[in-house]
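Colleague: I would like to see how this sequence folds:
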Amino acid sequence: MWQLISFIVEISQNIPSLPNVDILKVFGTIIFLIVCFFATQMYLKIFSQSPKTFFDGRKTKKKLDIIIPAVDLQLAIKNTKHLLKCENVKRIIIVNPEKEGASGKYLFVKDGKNGRAEAINMAIDRIESKHVLIIDEDHYVTEDSINKALRILDKYDIVKLTLLPNPDKMPKDLFRKTVMVERLFIEKDVIPKAVYPHYGGTGFFKTEVLKDLKFDNSFLTEDIDLTVRAYKKGYTIVSVPDVFAYEEYPSFKGWLVQRRRWAYGWFQVFRKHIKDLKHRKVRGILYSQLFTFIPLLIVPSLSFGNLLPPLVSAILSLYCIFPILLVGLKYGKHPIIALSFLVYYFVLMFYSSITSFVPLKKYVITPKGG
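Modeller: Okay, the predicted model is just below:
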């Protein structure tokens, strides 16, 4: 301890007196330390334990309806056929641009192509069960996850569905493998371990809660807006890793569309709800978006320099980069993928930072093919 104190005193003695300090270097030092703080947050996410929920294997007799806002009707049917025999599923409502009518457990609702939020809202009035699941057309949900979620809904109002790669359709190209690393980190480490997890667009609701909240079609990330409003109304949200569905990852072209929508959508939510920062749960949700702007903080830090000794600065720089590589190794399981994720991480953050301020006037569905 005394050695640490002596080291700090020695550093402080080498810092010029305030009148001679380069203001830009002071600014650079502050920014650099903020980046280090966020790096520490990543370490905590990587090494802390995910919340566990006890399941004793018993099955519930509760039932739910499933809502799927779909562009590709056949894909939605393909990914839900196995649920037709599930005792917990009462009805599957597919809002789509092609078909209207009922067929067995399926109810097809023709939408007006006004976006995902409006499509879901159209289906809400047709819900007959006390619980409902919202998924996308490319998601594959297991019966076991449905059973577990219905039991958790005794305690919580919303259960986020953890999205994992489909073991039968693992990504083969380097780009999709890198996207998979990012998605697994978010789904397994970031959201479940958050103090206030956000509902990520796919999940289970008590029907009365969903009807009270509904979705706001003016937001490109309607799920994040719903999360903020849910917390403001006192509803509870939980993310449990063993309640999951399989998802597919977009091509590079699809990724550009998706991330632009996410970036500007987050900005819309922040702009609307910034007045509610006094609410601690709202602060927790909006705070998570600050990760998007880390690269913008690194640029002035490197450009202006800092007041730290060169060796300390170098060590802290490695400290900030190392957790990104750790995530790449943890979920990519190969050094090439880890290095790819390091590059991808900074490209993603810069792209998101820039597109956060570029308005999109309408919801654009993310293409998953090609």
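
Colleague: what pLDDT is listed against the nearest residue to Pro335 once chain neighbours are set aside?
Modeller: Nearest residue to Pro335, sequence neighbours excluded (C-beta to C-beta, 6 or more residues apart in numbering): Leu329, at 7.1 Å. Backbone N, C-alpha and C define where each C-beta goes, glycine included. The predicted local distance difference test score for Leu329 is 95.

Colleague: isn't Leu329 right up against Ala338?
Modeller: Yes - counting by C-beta atoms under 8 Å, Leu329 touches Ala338, with 4.6 Å between them.

Colleague: the more surrounded of these two?
Modeller: Taking Leu329 and Ala338 together and counting by other C-beta atoms under 10 Å, Ala338 has the greater number of neighbours (20 against 16).

Colleague: who are the packing partners of the host helix or strand of that one?
Modeller: Using DSSP states H and E, Ala338 sits in helix 335-355. In terms of contacts (3 or more C-beta pairs under 8 Å, 6 or more residues apart in numbering; DSSP states H and E), helix 335-355 is packed against helix 174-185, helix 252-273, helix 294-304, helix 310-332.

Colleague: lowest-confidence stretch among those?
Modeller: Least confident of the helices and strands packed on helix 335-355, judged by mean pLDDT, is helix 294-304 with a mean of 64.

Colleague: how about low-confidence regions in the stretch 151-300 of the chain?
Modeller: 195, 288-300 (pLDDT under 70).

Colleague: show me where this structure has its strands.
Modeller: Defined through DSSP state E, the strands belonging to the chain, from first to last, are 64-69, 89-96, 101-103, 106-110, 131-134, 140-141, 158-165, 203-206, 237-247.

Colleague: out of the ones you listed, which comes closest to Gln268?
Modeller: The closest of the strands of the chain to Gln268 is strand 64-69. By C-beta to C-beta, the value is 19.1 Å.

Colleague: contacts for the closest one, please.
Modeller: Contacts of strand 64-69 with the rest of the structure, by C-beta atoms under 8 Å, 6 or more residues apart in numbering, involve 76, 80, 83, 88-95, 111, 116, 119-120, 123-124, 126-137, 141, 146, 150, 204, 207.

Colleague: quick one: mean pLDDT for that strand?
Modeller: Mean pLDDT, strand 64-69: 95.

Colleague: same check on stretch 23-43?
Modeller: Average pLDDT, stretch 23-43: 82.

Colleague: just how off-centre is that stretch within its chain?
Modeller: Relative to the mean C-alpha coordinate of its chain, stretch 23-43 is positioned 24 Å out (C-alpha atoms, centre = their mean, to the nearest Å).

Colleague: list the buried residues for it?
Modeller: For stretch 23-43, burial by neighbour count (16 or more other C-beta atoms under 10 Å) applies to 25, 28-29, 31-32, 34-35, 39, 42.
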